[in-house]
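**Q** Based on what follows, work out the 3D shape:
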Amino acid sequence: MTHSQSLGIAYTSCAPDDNQRQFDIYSPTHTPATARPLVIFVHGGAWRAEDKRDHAPLARSILTATGCPVAVPNYRLTPSRNVDPHLRHPVHAQDVLTFLYFIQAWRDPQYSFDPRKLVLIGHSCSAHMLSSIFLDSQTPSLAPSKDLLCAVRGIVLSEGIFDIDTLVHRFPDYRRWFVDDAFGPAEHYPEFSTLRYSPWPNTPIKWLLIHSKGDMLVDVPQTVAMYNHLKTLYPEGVTFDIDSVGSDHDDVLRQDAYIQMVKDLVVNFI
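**A** Residues are numbered from 1 along each chain as shown. Below is the predicted model of the structure:
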């Protein structure tokens, strides 16, 4: 499928030249008669690494599979040995929320999509970020508007981090590697467990959770626990798959089965 793209679009006026608060968008060259949903991929990277450009091939694959435009935002990252509390959680998720508000209102004749139909994809740490927005984390700066809650039709979470304490227990080196930097030094992090978060009222979001049994960086029990939690909140709206993709953490995003699962979710909203 031929496509058009625009790269490095600022989504906040306070930092127009800040690459960490810009997004890329990919869209079919031929505009369909009916505006399609917008698919939004938020990258992972342990709150400290990766860039939207790393995921251009994935965006094009999703575009080809679904026929829907795909946006990939950046967000501020936490530096190694961070001592600045302003670069800790929830700043990353705040940036994502700022982007979502921006994209809902953004209009460009070259890029046609229905702002009332958004499908969000989070991978690794961004699964935690999206969960912290679209579940009630008791963080006022992450509370989405009613319009945004209504617009988000589906959320795909792959290889997700959901509970920081169990992650550190399973991988003790992660505390020094990125957890203390991103969340601040602490003995325990119960307030950041998405397994404790409650649903926003009247939010019929469809959730798809994916995890590979071959993931060596984040273990399957993270996603199993989140699935069990979401099923108590949305008994009819959660799908779970740990069998279809069998590669390591980031390689999941290059699997045909992963693209197919995303497509199967998205086509329900076209």
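**Q** So what would you say the end-to-end distance of stretch 167-184 is?
**A** Length of stretch 167-184, first residue to last, CA to CA, to the nearest Å: 15 Å.
**Q** What residues are bridge-paired with residue 119?
**A** residue 39, residue 154 (DSSP bridges).
**Q** how about it, what does it touch?
**A** Counting by CB atoms under 8 Å, 6 or more residues apart in numbering, residue 119 touches 37-40, 68, 152-156, 262, 265-266, 269. Any C-beta I mention is one placed from the backbone N, CA and C, and that applies to glycine too.
**Q** cool, residue 142 as well?
**A** So residue 142 contacts 90, 93, 94, 97, 132, 133 (CB under 8 Å, 6+ apart).
**Q** So residue 116: helix, strand or coil?
**A** coil (DSSP: H, G, I helix; E, B strand; the rest coil).
**Q** so it touches residue 152, yeah?
**A** No: counting by CB atoms under 8 Å, residue 116 does not reach residue 152; the two are 9.8 Å apart.
**Q** Could you check which of those two is surrounded by more residues?
**A** Neighbour count, other CB atoms under 10 Å: between residue 116 and residue 152, residue 152 has more, with 22 against 15.
**Q** Distance check, the closest residue to that one other than its chain neighbours against residue 185.
**A** Spatial nearest neighbour of residue 152, excluding adjacent residues (CB to CB, 6 or more residues apart in numbering): residue 118 at 5.0 Å. With distances taken as CB to CB, to the nearest Å, residue 118 is found 36 Å from residue 185.
**Q** Mind checking which of those two has more residues around it?
**A** residue 118 (23 against 9).
**Q** ok, residue 209 - how many residues close by?
**A** So residue 209, with other CB under 10 Å, has 23 neighbours.
**Q** repeat for the one 3 residues further on
**A** Around residue 212 there are 25 other residues, counting by other CB under 10 Å.
**Q** how about residue 127, what does it touch?
**A** Contacts of residue 127 (CB under 8 Å, 6+ apart): 44, 157, 158, 159, 160, 161, 162, 226.
**Q** pretty sure the second one is touching residue 209, no?
**A** This points to residue 157. Yes: contact criterion CB under 8 Å: residue 157 and residue 209 qualify, at 5.2 Å.
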